[in-house]
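In: From the sequence below, what's the structure:
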Amino acid sequence: MAYYSIAECVVVTAVRDGMNLTPYEYIVCREGVSGAEPGSELSGPKKSMLVVSEFIECSPSLSGAIRVNLWNIESTAEAMNEAISLAEPEKELRHEKHYRYVRTYDVAFWSRSFLQDM
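Out: Reported below is the predicted structural model:
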């Protein structure tokens, strides 16, 4: 988790998986630490960039992520470059959008939803 908190970008390029939580964990870690020292990266503007395979289950819920077909190596490399080169305000906007999603659809939401469906 410590690496997620300092990583500018996370690349998740699974071919097939169940519900991969790595992007969500990254988003939460990049939100920062309450009580962090002023001026440290953990207390500054919150931003995160995701490059995800279009084949992972959580891809549709991360509308601000850059989606790639991992079989296309050139486009994956271009997406990684785009992710770290994007303007800071855009990174912040995408992070806020993703964090709002993760905060809204938490474990309590999913458990209530599951129980209602039973």
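In: what's in contact with the longest helix seen in the chain?
Out: Longest helix in the chain, counting residues (DSSP state H): helix 88-104. Contacts with helix 88-104, where a contact means Cβ atoms under 8 Å, 6 or more residues apart in numbering, come from 23-24, 27-28, 30-31, 45-50, 61-65. For every residue, glycine as well, the C-beta is placed using N, CA and C.
In: for the helix or strand just after that helix, packing partners?
Out: On the C-terminal side of helix 88-104, the nearest following helix or strand under DSSP states H and E is helix 107-117. Packing contacts for helix 107-117, counted by 3 or more Cβ pairs under 8 Å, 6 or more residues apart in numbering; DSSP states H and E, involve no helix or strand.
In: Okay, buried residues for helix 107-117 please.
Out: Within helix 107-117, no residue is scored as buried using 16 or more other Cβ atoms under 10 Å.
In: Quick one: mean pLDDT over it.
Out: Helix 107-117 comes out with an average pLDDT of 83.
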